[in-house]
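> Dropping a prediction and its sequence here:
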Amino acid sequence: MSSATAGDDNPAKPLSANGFKGSDLPPLTTDDPPRVLIAGAGLAGLFLGILLEKAGIPYEIFERAAEIKPLGAIMCLSPNILPAFEQLGLYDELVSFSKPAGNACFFTDKLKVIAKNEAMPLEVIGYYPMLFARPELYDMLFSKVPKEKIHMSKKILSFQQNHEGVMLRFSDNTTIHGDILVGADGAHSAVRQHLYKTLDKQGLLPKVDSKSMNKGYISLVGTTESLDPSKYPCLTDPACEISFVIGDKNTPYTWVLFSIPGNRICWNVVIQLGIEEIADDQFKASDWVPQQNKKLLDLIRHFKTPYGTLGDMFDATPIERVSKVYFEDKLFETWHHGRTMLIGDAAHKMLPSTGAGAVNAMQDAVILANCLYDIKPTSYENIKEAFKEYKDQRYDFISQQYAQSHIAAKLQYGHNLSERFLRHVLLNWLPKSTRNKQQIKAAEYRPQANFLPQVPKRGTFGYTAQKPSKRLAGLFLGILLERANIPYDIYERAPEVKPLGAVMCLSPNILAAFDQLGLLEQLKSFSKPGGFAHFFNDKLEVIATNDANPIEVAGYDFSLFSRPELYNMLFSKTPSHKLHLGKKLLSFEQDQDGVKVQFDDGSIVEGDILVGADGAHSSVRQHLYKTLDKQGLLPKCDTESMNKGYISLLGTTDPLDPTKYPILTARHSEISFIIGDKNTPYTWVLFTIPGNKISWNVVIQLGVSSTADDQAESSDWITQDNQKMLDEIRHFKTPYGTMGDLFDATPTERVSKVYFEDKLFQTWNHERTVVIGDAAHKMLPSTGAGAVNAMQDAVILANCIYDIIPNNFDTVKEALDEFKSQRFEFIKAQYAQTYIAAKIQYGHTLSERILRYFLLNWMPPSLKRMQQLKDSEYRPQANFLPEAPKRGTAPVLPQKPSKRVHAEEVKRQNANAL
């Protein structure tokens, strides 16, 4: 674009001067963000409020209590949530009232050491787990939410929801309306109870959700006043010292002490129910008031600790700061319905384990905020879709966390024979290396708000990646416009681009343009030239072998590499001031004077041309089509969804041992297609790439086997669910061993799952707007066809824009029409070819198996070479730059010359003649 104008900042505003009014019904569909009602001012509700404030999404928080008196003793936040605190500017304040986790010692009740666990080094883990008194975290979060957005003494009696909105009714006879209701109101959630009651009447509630929560433990917790460091030297240690003291078989108690800032000790006494009847009765019979807590404390004050007795701790703790809680747990199945969503303890009450409940509640808030941020426009269907996406991203991860919290509780608080044996095995026999691997794996998942700048990566291990941006066409077009001296800016919705993906292939059809732009040698530095492609059956019997045209004929070898390498190269060639990240397009308007684009941060930019190079689910295309549809100008075929015929899991290994995989030392990339039998509708493909790595791709054809379909489609897009699918297919054979060998060498955060979607759209341009790449034609993957054609689009579009003289509405429209006229028929042919290629490579129906056998075995080699030559003829270059020299003997199609270059040449010749 030729210019950009920054708009005002757009912080979230109160819904009205006095909050919502009962008559403020939201419209059915609006471009405004959804209005969110949050039930509960606990940790999850407050954290969600802080995130929505940053996102500019209007919200209000309603708390049933008249005054919050946060009880509780110790709390721990793991590295899984600390990047989000850092991203929100809260991390340093958190550190100010915390201690980093130190060593954890396990003792018998006679203070004999059972085991000691050491904390992971900071340089590996990136963040220490932080321990502190729970009220201090609560006070910090409470202070970050504008006071006018928190409403106390608002007890929910009921709510109603339909396609128009949601209405809350409170015990003070007030009502409020909004677009979304979030139940963040804890384990005994009023929102959940009312929602479940309604669903149960409608026969929509799973039976499991009608059952009560489990109650396996009861706990007394408290925090001392400031203690004398000379009596308790552990208090001077900068790290938190953690002591678990575990009673013998006649004493079903565990008591735990943590040193925290302020020379204080947090303590926790836990009894496992069902072990000793007398102890159960003592705990259950006592009330929840301070006086009854005092009676209970007197019964156990003689218990020993490394610092004296528990009685010493109790005497230093104000009785009003002691609380008694059941350790309840339950993973609910139903998290959302209509406009209502449950998060935190309202959806999944966990047993306490290194802060698992609070960490997961705040992770819920992060992912839900991301999903709410993506709602555009605000409508009932989009809200329901956002809720489904949220649960898809969270449920299976929570399911694993829930199971892990049960194991941790058995380890820390269990007293039956099997639990004592488990504790002994895990604490004494499990190798330290295995424990460290488990800690690293547990710390990989660290979600952040995707509408804010990402914090820098800390530590040396990998993170579970969040959904990336995959747009090459825009970057390549930017490089071309830079050379043409045409002003431009690139806007990307993601705050940070983390390109995933495995192997990628660029054909000679685009390499001439790389050669022309001076990028070919750098591309070669991280590529391997394409070699033989071998086709095997699943018993590793060779079906066929294909080889590429020799370089003296083709002029260029096919180049194979890991996709992020190309993305990073193109990204580095674009001036940083012309790349604007975190810019989500909301809408645009265009007329004879120009095009104006509105972003979700409130800013507006104006220019002469808008290019939608924003991928298969292009916001530019969606907004353009919506406008054209209202005007009756959109062909019916462009309103239909994309086809989904295949699902793929793909990844790239870490460097492998060439002595085990000698094929890695070959100059060319070895390509192996292994095709399952009629009962196994999978194709798995391996490519050797530079760095002694193998890129792999497992493709399942949908609609052939219902079992395989279910496995692929029911698994989520997150690392944990990718792992489930990988486990199902790790036994598949390859020329180098099994797929499991490659999976084990691939970091899980580098594995991604994608649908192979496809559609050729008819409408590419209107007035000042044009779509290119996947936004205009989403192709099935075949020797890099999608990326190659996206970059060819960029070349031809740059040529057409270069020829705009003078710059006015009519010449812009003419240039965009010219772009489509040069590209559409070629793309149409390419689109058909990718279908044939997909059938050959991934097809498993009877007709596709026959087609594959015929084309790979009966087609004469001379005919194959003729087809390869024909396919490589089209090699567009920028017609405003000196052409790259013709390479190879294969013919190349002539290009349409630049009108502007021709006119300037005629002008020069005329001037010379004078």
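Done, it's in. None of these values were measured; they are calculated from a predicted model. Residues are numbered from 1 along each chain as shown.
> Could you use CA atoms for every contact and neighbour count after this?
OK.
> So for stretch 222-239, first residue to last residue, what's the gap.
20 Å (Cα to Cα, to the nearest Å).
> ok, and for that stretch, which residues are buried?
For stretch 222-239, burial by neighbour count (16 or more other Cα atoms under 10 Å) applies to 222-225, 227, 232, 234-235, 239.
> contacting residues for residue 116?
Contacts were defined as Cα atoms under 8 Å, 6 or more residues apart in numbering; by that measure residue 116 touches 103-106, 427.
> before we move on, the earlier item: give me the subset of the buried residues of stretch 222-239 that lies in strands.
Taking DSSP state E, the ones among the buried residues of stretch 222-239 that sit in strands are 222-223.
> From residue 98, how far off is residue 128?
From residue 128 over to residue 98 (counting by Cα to Cα), the distance is 11 Å.
> who has more neighbours, these two?
In this view residue 128 and residue 98 are compared by other Cα atoms under 10 Å, and residue 98 has more residues nearby, 26 against 21.
> what sits against residue 33?
With contacts taken as Cα under 8 Å, 6+ apart, residue 33 has the following neighbours: 57-58, 373, 375-378.
> Which one of the residues you listed is nearest to residue 174?
Checking the contacts of residue 33 against residue 174 by Cα to Cα gives residue 58 as the nearest, at 19.7 Å.
> mind listing the helices for the stretch 301-450 of the chain?
Under the criterion DSSP state H, counting those that start in this stretch, helices of the stretch 301-450 of the chain are mapped to 310-315, 356-373, 380-413, 417-424, 432-442.
> picking that back up, and the buried residues of stretch 222-239, which two are furthest apart?
Put simply, by Cα to Cα the two of these set farthest apart are 222 and 239, 19.8 Å from each other.
> quick one: low-confidence ranges for this protein?
1-27, 69-73, 275-292, 353-354, 461-472, 496-502, 548-549, 704-722, 782-783, 914 (pLDDT under 70).
> Quickly list the domain ranges of it.
36-96+130-208+331-437, 473-871 (automatic domain parsing).
> Take the longest one and give me the span from its first residue to its final residue.
From the first residue to the last, domain 473-871 extends over 21 Å; the measure is Cα to Cα.
> next one: stretch 374-385
10 Å.
> distance between that stretch and the chain's centre?
Its chain's average C-alpha position is 19 Å from that of stretch 374-385, according to Cα atoms, centre = their mean, to the nearest Å.
> Enumerate the positions of it that are buried.
Residues of stretch 374-385 classed as buried by neighbour count (16+ other Cα under 10 Å): 374-380, 382-384.
> Format those as TSV; extra columns: distance to residue 688.
Rendered in TSV, the data for those read as follows (distance: Cα to Cα, whole Å):
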residue	distance to residue 688
374	38
375	41
376	42
377	44
378	46
379	47
380	47
382	42
383	44
384	43
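> farthest pair in those?
The widest separation within those (Cα to Cα) is 13.7 Å, between 374 and 380.
> mind listing the strands for the stretch 1-150 of the chain?
Under the criterion DSSP state E, counting those that start in this stretch, strands of the stretch 1-150 of the chain are mapped to 36-39, 59-62, 74-77, 99-108, 113-117, 130-133, 150-151.
> what does the last one contact?
Contacts with strand 150-151, where a contact means Cα under 8 Å, 6+ apart, come from 41, 60-63.
> And the next helix or strand past it?
With elements assigned by DSSP states H and E, the helix or strand that comes after strand 150-151 is strand 156-162.
> Neighbouring strands - and their directions - for that next one?
With DSSP bridges as the criterion, the sheet partners recorded for strand 156-162 are strand 165-170 (antiparallel).
> quick one on the thing from earlier: for the contacts of residue 33, give me TSV that also has distance to residue 605.
Below are these laid out as TSV (distance: Cα to Cα, whole Å):
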residue	distance to residue 605
57	22
58	24
373	21
375	22
376	19
377	20
378	23
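> before we move on, the earlier item: which of the contacts of residue 116 has the most neighbours?
Of the contacts of residue 116, residue 106 is surrounded by the most neighbours, 20 neighbours in total, counting by other Cα under 10 Å.
> Next, work out how far apart that residue and residue 113 are.
As for residue 106, its distance to residue 113 is 6 Å (criterion: Cα to Cα).
> Can you list phi and psi of residue 833 for me?
Backbone dihedrals for residue 833, given as degrees, to the nearest 10, come out at phi -70, psi -40.
> what about it, neighbour count?
17.
> for the one 3 residues further on, same thing?
Summarising burial for residue 836: neighbours were counted as other Cα under 10 Å, giving 18.
> Contact partners for it?
For residue 836, no residue meets the contact criterion (Cα under 8 Å, 6+ apart).
> do you know how far it is from residue 616?
Counting by Cα to Cα, the gap from residue 836 to residue 616 is 21 Å.
> likewise residue 773?
Counting by Cα to Cα, the separation of residue 773 from residue 616 is 8 Å.
> out of those two, which sits in the busier spot?
Higher neighbour count among residue 773 and residue 616: residue 773, with 26 against 21, using other Cα under 10 Å.
> which SSE is the residue found closest to the more buried one once you drop the neighbours it is linked to in the chain in?
Nearest in space to residue 773, with sequence neighbours left out and distances taken as Cα to Cα, 6 or more residues apart in numbering, is residue 790 at 3.9 Å. Residue 790 is part of helix 785-802 when elements are defined by DSSP H and E.
> what's that helix packed up against?
Where contact means 3 or more Cα pairs under 8 Å, 6 or more residues apart in numbering; DSSP states H and E, helix 785-802 is packed against helix 473-484, helix 508-516, helix 809-842.
> out of these, which comes closest to residue 572?
Judged by Cα to Cα, the one of those that comes nearest to residue 572 is helix 473-484, at 9.6 Å.
> Which elements pack onto that closest one?
Other helices and strands packing on helix 473-484, by 3+ Cα pairs under 8 Å, 6+ apart, are strand 490-492, helix 563-572, helix 785-802.
> can I get the ones you listed in JSON lines with distance to residue 843?
Output for the helices and strands packed on helix 473-484, formatted as JSON lines (distance: least, Cα to Cα, whole Å):
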{"stretch": "strand 490-492", "distance to residue 843": "35"}
{"stretch": "helix 563-572", "distance to residue 843": "24"}
{"stretch": "helix 785-802", "distance to residue 843": "18"}
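> which one of these is the most hemmed in?
helix 785-802 (a mean of 25; mean count of other Cα atoms under 10 Å).
> Helix 809-842 and that one, what's the angle between them?
Inter-element angle recorded for helix 785-802 and helix 809-842: 170 degrees (by axes from the mean of the first three to the mean of the last three Cα atoms, to 10 degrees).
> how far does helix 785-802 sit from the chain's center?
Centroid displacement of helix 785-802 relative to its chain, using Cα atoms, centre = their mean, is 30 Å.
> in the helix or strand hosting residue 629, what counts as buried?
Residue 629 belongs to helix 619-630 when elements are defined using DSSP H and E. The neighbour-count criterion (16+ other Cα under 10 Å) identifies 619-621, 623-625 as the buried residues of helix 619-630.
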